[in-house]
Structures are given as structure tokens and as C-alpha cells.
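Visitor: Give me the fold of what follows.
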Amino acid sequence: QHPWNVLHLTGKFSLSMVHDWVNACLPEVPPRVTGDSLTLNFVNAFTGSQLSVEYKKGDAVVKSDSISTIAIFKEKLSARAAELRIEVYDNLTLNNESIVHLLQLLGPKLQYQLDLAQKVELVEAIKEIDMQESDTQWLSQEYREILKNAKRIQDEFKDRPRALAYIIGIVTDLYVDWHKYNGRDLKHKIPELEQFLELEYSYNGLLELFLVRRS
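Guide: Numbers count the residues shown, from 1 in each chain. As a prediction, this is how the structure comes out:
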């Protein structure tokens with residue numbers, strides 16, 4: 001079973017009204033609803049996280065394995081309802097497994113960016129060996145792959161600061177949102193988290209920051 005966080009909204013809103021709210025939050029939503037309910041499913045192209053939205057008159061259920069996605073929905077839908085002076089009741093159910101799942105999706109992407117610096121250093125060293133030696137078959141498979149992909153590695157390294165900042169931004173948003181909806185304000189720990197992600201990252205260590213530490 002997929003590890004959903006679930007936001008359930010109820011109130012005196014029409015189907016067309018909640019459809020407009022959803023349309024303001026998501027791309028490529030059908031302009032009109034033809035039946036008495038609608039279900040929409042999305043997959044984030046970068047992280048692989050999933051979102052499902054089901055709604056009808058007076059009732060909407062938003063499910064996602066990303067608490068940050070839920071947080072954005074909750075904020076935007078509540079703001080739209082407030083603008084129209086419509087009272088909306090919400091209930092949020094969190095799933096600890098969603099954090100495990102999403103960090104497993106993000107971990108390899110983060111580790112790849114962190115490893116680029118080491119690979120770039122190896123590129124220069126291996127290139128020098130390649131120039132001096134006529135036979136490089138003695139190189140390990142890993143080193144031969146690095147030599148083969150040297151240009152791509154160097155090009156990716158140039159873009160590394162932006163890519164790394166993007167991934168770290170996703171993780172810090174997730175961290176703040178997860179603890180917020182668990183009743184803790186840990187925004188002050190963002191610098192510590194960013195340092196950990198850049199210099200000390202490990203999957204188990206990151207999972208501990210989400211699910212164990214309470215200070």
C-alpha cells in the first residue's frame with residue numbers, strides 16, 4: 001500500500017468551486033467537470049512523488065507521499081475558501097512511512113551530486129594516467145567509466161551548485177513541513193540541516209533527523 005499522507009476537506013462548497021481551487025494549484029487540470037466527482041493523479045517528474053486528488057460537492061481528499069505537497073494544497077485551498085468566506089473543515093493524517101519513502105527517492109539524487117566533486121578530481125588524475133600509459137586496461141571498471149564520461153561529468157559539475165541547492169531546498173521544505181504538522185517549529189535548525197546535507201550526508205542520519213530528534 002502506498003504511504004499516503006491524507007488531507008480531508010469538508011464544507012459548504014460546490015463541485016465547480018473546489019474544481020476552481022484545485023485548478024489554481026495544479027497544471028493541466030480539465031477546464032470543466034463533466035460528472036458529479038473527479039479524481040486526478042500526478043507524479044512529480046523529478047522526485048517521483050505522487051499526488052491524488054478526489055473531490056465532489058462538499059468533500060475533497062488530497063493524498064500525497066510528500067507532506068510539502070499537502071502543505072501547499074492546505075494553504076492554497078484554505079486561502080481560497082477564506083476569500084469566499086466559506087467555512088472549510090480539514091483533517092490531516094500523517095504517515096511516517098511517507099518520509100522513509102520520499103527520502104529513498106531523493107537520496108540517490110543527492111548522493112549523485114555530492115559524488116560529482118570527487119569524480120571531477122578523479123577525471124583529471126585518470127586523464128593524466130591515460131596520456132602517460134599506452135594501455136589502461138588495468139584501470140577498474142569504475143575508473144574506465146569515469147574516463148569514458150569525463151566531459152559529461154565536468155559539464156554536470158559546472159551545474160552542480162544549482163542542482164544541489166534545488167535538492168537541498170526540497171529536503172529542507174520537507175523537514176520543516178513534516179515537523180510543523182507534528183507540532184514542532186524547527187525552522188531554526190535549517191542551517192544545521194543544510195550543513196549536514198552538504199558535508200555529512202547519510203541516508204540513516206537524515207532519516208533520524210526527521211523521525212527521531214525532537215529538540
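Visitor: Can you show me the strands along this protein?
Guide: Along the chain, the stretches classed as strands by DSSP state E are 5-11, 37-43, 50-56, 59-64, 88-93.
Visitor: Relative to Trp178, which of those is closest?
Guide: Minimum separation from Trp178 across the strands of the chain (C-beta to C-beta) falls at strand 5-11, 9.2 Å. All C-beta spots, glycine's among them, are computed from the backbone N, C-alpha and C.
Visitor: re earlier: how about the strands of the chain in CSV, adding mean pLDDT and mean neighbour count?
Guide: Shown next, in CSV, are the strands of the chain (pLDDT from 0 to 100; neighbours: other C-beta atoms under 10 Å):
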stretch, mean pLDDT, mean neighbour count
strand 5-11, 96, 19
strand 37-43, 94, 13
strand 50-56, 96, 18
strand 59-64, 96, 22
strand 88-93, 94, 13
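Visitor: Adding distance to Val22, write these out as JSON lines.
Guide: Below are those laid out as JSON lines (distance: least, C-beta to C-beta, whole Å):
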{"stretch": "strand 5-11", "distance to Val22": "11"}
{"stretch": "strand 37-43", "distance to Val22": "7"}
{"stretch": "strand 50-56", "distance to Val22": "6"}
{"stretch": "strand 59-64", "distance to Val22": "8"}
{"stretch": "strand 88-93", "distance to Val22": "13"}
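Visitor: how about the helices of this protein, start to end?
Guide: 15-25, 67-83, 96-132, 141-148, 150-158, 160-180, 190-195, 203-211 (DSSP state H).
Visitor: Flag whichever of those has the least confidence on average.
Guide: Of all the helices of the chain, the minimum mean pLDDT falls on helix 141-148 (a mean of 75).
Visitor: Tell me which residues of it come out buried.
Guide: Going by neighbour count (16 or more other C-beta atoms under 10 Å), the buried part of helix 141-148 is 143, 146-147.
Visitor: buried residues in stretch 182-197?
Guide: For stretch 182-197, a neighbour-count test (16+ other C-beta under 10 Å) marks 186, 189, 193-194, 196-197 as buried.
Visitor: Show me what that stretch is in contact with.
Guide: Residues outside stretch 182-197 that contact it (C-beta atoms under 8 Å, 6 or more residues apart in numbering): 94, 110, 168, 171-172, 175-176, 179, 205-206, 209, 214.
Visitor: Between which two of those is the distance greatest?
Guide: Leu110 and Arg214 (24.0 Å).
Visitor: Who has more neighbours out of those two?
Guide: Taking neighbours as other C-beta atoms under 10 Å, Leu110 and Arg214 compare with Leu110 leading, 21 against 7.
Visitor: contacting residues for that one?
Guide: By C-beta under 8 Å, 6+ apart, the residues touching Leu110 are 164, 167-168, 171, 197, 201.
Visitor: ok, now Ser98?
Guide: By C-beta under 8 Å, 6+ apart, the contact set of Ser98 is 3-5, 64-67.
Visitor: Likewise for Leu106?
Guide: Here Leu106 is in contact with 47, 167, 170-171 (C-beta under 8 Å, 6+ apart).
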